[in-house]
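Engineer: pasted the sequence and its predicted model underneath.
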Amino acid sequence: MSGTGEAAAVETEVAGLGARLRAVRSLYGLSQRELARRAGVTHATISLIEGDRVSPSVSSLKKVLDGIPLSLASFFTLDIDEQRGIFYRAADLPDVGSGDVAFHLVGADRQDRAMTMLHEVYAPGADTGPDMLVHEGEESGVVVRGRIELTVAGKSQRLGPGDAYYFESRLPHRFRNADDEPCEIISANTPPSL
C-alpha cells in the first residue's frame, strides 16, 4: 500500500487505536517494554498510545509497528477477534470429507486462511475417487498411522508411518488405502482448497 493509502487507513481507524495496538502486541506475545525496545521508542510512548492518551502520527505509529514487525495496512486489517480459535480439540474439527475418507479441517472458523490443514483418515479400501485430482498450489503431508498409496503424475509409492510427501497440486494425484487398517495423515495445502 502506498504511503498515501496507509495514511488514509490510519485516519479512518484512529478510534480505538490504543486498544488495537494492545491487542496486536499481546497477539505477538510482546510486553510494552519489549515492543518499545524493538521499536526504539520509550516504554512511556507505548503506554500513552495504548491508553489513548496520545494520538501518534503516521510515521510514529509506523515506527512502533516496525518493532513487531507489521505494516500499517496489516495492523488495521489483522483480525484480532478473540472469538476466533487458536487451539482446537479433535471433537471440534468438522469432517469435510465424504464416504470412507474423513478430512477433519483445522481452523474452519478462519475465513481468511492461507492454507488448508487436515487430519485425514482413510478407511480400509478408501480412496479419493477414480479420477485424478488436479488443482492449484502445493500440498504436503506425513503419514502417522497405517499405509497409503500415493500416485502423482503417474508415479506411485506406498507410504507408511513417518513417511511424507510434498508436490505441486497441479500434477494429477490420487490417494488410496489398500490395507486392512485405517490410514491417518496430517496434511497441509496452499492456497486453501477447502
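Structural biologist: Sure thing, it's come through.
Engineer: how about the contacts made by Asp179?
Structural biologist: Contacts here follow C-beta atoms under 8 Å, 6 or more residues apart in numbering; on that basis Asp179 touches Pro124, Gly146, Arg147. For the C-beta atoms, the positions are set from N, CA and C on the backbone; glycine is no exception.
Engineer: between those residues, which sits nearest Leu21?
Structural biologist: Minimum distance to Leu21 across those is 47.8 Å, recorded for Gly146 (C-beta to C-beta).
Engineer: could you pull up the residues touching that closest one?
Structural biologist: Counting by C-beta under 8 Å, 6+ apart, Gly146 touches Tyr122, Gly160, Pro161, Asn177, Asp179, Glu181, Pro182, Cys183, Glu184.
Engineer: grab the nearest non-local neighbour of it.
Structural biologist: Cys183 (3.3 Å; C-beta to C-beta, 6 or more residues apart in numbering).
Engineer: so what's that neighbour up against?
Structural biologist: By C-beta under 8 Å, 6+ apart, the contact set of Cys183 is Glu120, Val121, Tyr122, Val143, Arg145, Gly146, Arg147, Ile148, Asn177.
Engineer: who wins for most neighbours among those?
Structural biologist: Tyr122 (27 neighbours; other C-beta atoms under 10 Å).
Engineer: re earlier: list phi and psi for the residue nearest to Gly146.
Structural biologist: When read as degrees, to the nearest 10, the backbone of Cys183 gives phi -120, psi 130.
Engineer: what about Ile86, neighbour count?
Structural biologist: For Ile86, the count of nearby residues is 7 (other C-beta under 10 Å).
Engineer: thinking again about what came up before, beta-bridge partners for the residue nearest to Gly146, please?
Structural biologist: Tyr122 (DSSP bridges).
Engineer: let me know the closest of the contacts of Asp179 to Met115.
Structural biologist: Closest approach between these and Met115, by C-beta to C-beta: Gly146, at 23.8 Å.
Engineer: could you dump the contacts of Cys183 to CSV with pLDDT and secondary structure?
Structural biologist: Below are the contacts of Cys183 laid out as CSV (pLDDT from 0 to 100; DSSP: H, G, I helix; E, B strand; the rest coil):
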residue, pLDDT, secondary structure
Glu120, 97, strand
Val121, 97, strand
Tyr122, 97, strand
Val143, 98, strand
Arg145, 98, strand
Gly146, 98, coil
Arg147, 98, coil
Ile148, 98, strand
Asn177, 97, coil
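Engineer: which single one of the residues you listed is nearest to Gly67?
Structural biologist: For the contacts of Cys183, the minimum distance to Gly67 (C-beta to C-beta) is 39.6 Å, reached by Glu120.
Engineer: run through the residues that contact the closest one.
Structural biologist: Gly97, Val101, Ala102, Phe103, His104, Gly141, Phe175, Cys183, Glu184, Ile185, Ile186, Ser187.
Engineer: adding secondary structure, pLDDT and distance to Ser57, write the residues you listed out as TSV.
Structural biologist: Output for the contacts of Glu120, formatted as TSV (DSSP: H, G, I helix; E, B strand; the rest coil; pLDDT from 0 to 100; distance: C-beta to C-beta, whole Å):
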residue	secondary structure	pLDDT	distance to Ser57
Gly97	coil	86	51
Val101	strand	94	55
Ala102	strand	94	53
Phe103	strand	94	48
His104	strand	94	47
Gly141	strand	98	48
Phe175	strand	97	54
Cys183	strand	98	57
Glu184	strand	98	53
Ile185	strand	98	51
Ile186	strand	98	46
Ser187	strand	97	46
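Engineer: I am finished for the moment; much appreciated.
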